[in-house]
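Chemist: Okay, here's the prediction I keep looking at, along with the sequence it came from:
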Amino acid sequence: MKTHLLRLAAAVAASAIAATAAMAQERVVHVYNWSDYIDESVLADFTKETGIKVVYDVFDNNEIVETKLLAGGSGYDVVAPTAPFLARQIQAGVFQKLDKSKLPNLSNLWPEISERLAKYDPGNEYAVNYMWGTTGIGYNVEKVKAALGDVPVDSWDILFKPENAEKLKACGINILDASDETFAIAMNYIGKDPDSKETADLEAGGEVYSKIRPFVRSFNSSAYIDELANGDLCITIGWSGDVLQAKDRAEEANNGVQVNYVIPKEGTYMWFDNLAIPADAKNVEEAHAFINYMMKPEVIAKSTNYVQYANGNLASQQFIDKEVLDNPSVYPPAEVLSKLFAISSYGPREQRVLNRVWTQIKTGS
């Protein structure tokens, strides 16, 4: 009898341990982030430290994210929308307010970046900045020189003047499939308010792209990284860190491709990608744990070193590689920062205009 009871107790204990282990294994956080946007060892380290498994999916444009979020039941616990989309989605009730008591690492944030982000998220109640950067020109140094000669690559003229685009057609032009940013850049280029939502101004910005459309090979927001690194493209409108990743990949491959990134002298768009929790997230505790972990200075610095984008964590700068921190393409100096602009979110009417014009441009109709 005694032996039987001991066996029974052991079985109960084993079942309890198994149940506890199963519960621990069931802790999960579903993250939806941009492609090529994190040092993947960070995810493994997070799981090792917290026991929370990360299911990590990627996207390459804001519209995909917005469609899923507005439809509800996205299945994600943390998403990374760009600021104008974040603002619109907050108004639509897509996100829940952050529980700041569960985010002690908020103390590490960069006040200036948080202040800029507050334009989209008043009081910084719904989101934390993940990365920020600029949208500029990435180019193959030798191929652009071969096509255009010794023309300085310091202006949007290099791409927006049809006579230049025509000469660059053969070696490949790509445009980001990010209409809100690209239209703002074009409107700024022709002397209009980059944040204008007037139909006439949007159409005027679209005309900049319509004029060079016959010479554009592609509109994509992720494949261009490898295409630029491999020498398959010669010029693109691209995100700063993406182009610098292409530069590193070309150097690592030792393939003779020299990639450069420039913020044009006319100025350009400054964007903010941010971590937020959907209102219908199933794993809210785990979502806060993930965001808090990403705000550890040494953790976010690891991703900045990998993706070569600036982050909104001031305390992280002591852990950022010197060549990244001192690179003006990543952390622009004050005089360049003064020429960077942000844009507000589009209302439904303005978004329809933008979508109509952008679709016409991409299809060449």
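Modeler: Yep, it's here. All values reported here derive from a predicted model rather than from experimental measurement.

Chemist: Pretty sure Leu275 sits in a strand.
Modeler: Yes. Counting by DSSP: H, G, I helix; E, B strand; the rest coil, Leu275 falls inside a strand.

Chemist: how about it, what does it touch?
Modeler: Val78, Val79, Ala80, Ala127, Val128, Asn129, Tyr130, Phe290, Ile291, Met294 (Cβ atoms under 8 Å, 6 or more residues apart in numbering). Any C-beta I mention is one placed from the backbone N, CA and C, and that applies to glycine too.

Chemist: how about a cut-off of 7 Å?
Modeler: Counting by Cβ atoms under 7 Å, 6 or more residues apart in numbering, Leu275 touches Val78, Ala80, Ala127, Val128, Tyr130, Ile291, Met294.

Chemist: Under a three-state scheme, what state does the fourth one occupy?
Modeler: If I follow you right, that is Val128. With three-state DSSP as the criterion, Val128 reads strand.

Chemist: Neighbour-wise, which one of the contacts of Leu275 leads?
Modeler: For the contacts of Leu275, the largest number of neighbours (other Cβ atoms under 10 Å) sits with Ala127, at 28 neighbours.

Chemist: Which helix or strand lies directly C-terminal to the lowest-mean-pLDDT helix or strand in the chain?
Modeler: Ranked by mean pLDDT, DSSP states H and E, the helix or strand of the chain with the weakest confidence is helix 2-26, at a mean of 50. Counting by DSSP states H and E, the element after helix 2-26 in chain order, helix or strand, is strand 28-34.

Chemist: Neighbouring strands - and their directions - for that next one?
Modeler: strand 53-59 (parallel), strand 78-79 (parallel) (DSSP bridges).

Chemist: Let me see the residues that make contact with the shortest one.
Modeler: Contacts with strand 78-79, where a contact means Cβ under 7 Å, 6+ apart, come from Val29, Val31, Tyr32, Val65, Leu69, Leu275, Ala276, Ile277, Pro278, Ala287, Phe290, Ile291.

Chemist: if we can go back for a sec, out of the strands paired with strand 28-34, which is the most enclosed?
Modeler: Looking across the strands paired with strand 28-34 with neighbours counted as mean count of other Cβ atoms under 10 Å, the highest average goes to strand 78-79: a mean of 27.

Chemist: Take whichever helix or strand comes after that strand, keep the C-alpha atoms, and write them as PDB.
Modeler: Note on strand 78-79: by DSSP H and E, the next helix or strand toward the C-terminus is helix 83-91. Output of helix 83-91 as PDB, limited to C-alpha atoms (Å, rounded to 0.1, in the frame of the first residue of the first chain):
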ATOM      1  CA  ALA A  83       4.000  56.900 -37.600                       C
ATOM      2  CA  PRO A  84       1.300  58.300 -40.000                       C
ATOM      3  CA  PHE A  85      -0.400  54.900 -40.100                       C
ATOM      4  CA  LEU A  86       0.000  54.500 -36.400                       C
ATOM      5  CA  ALA A  87      -1.900  57.800 -35.900                       C
ATOM      6  CA  ARG A  88      -4.800  56.800 -38.200                       C
ATOM      7  CA  GLN A  89      -5.000  53.400 -36.500                       C
ATOM      8  CA  ILE A  90      -5.100  54.900 -33.100                       C
ATOM      9  CA  GLN A  91      -8.100  57.000 -34.100                       C
END
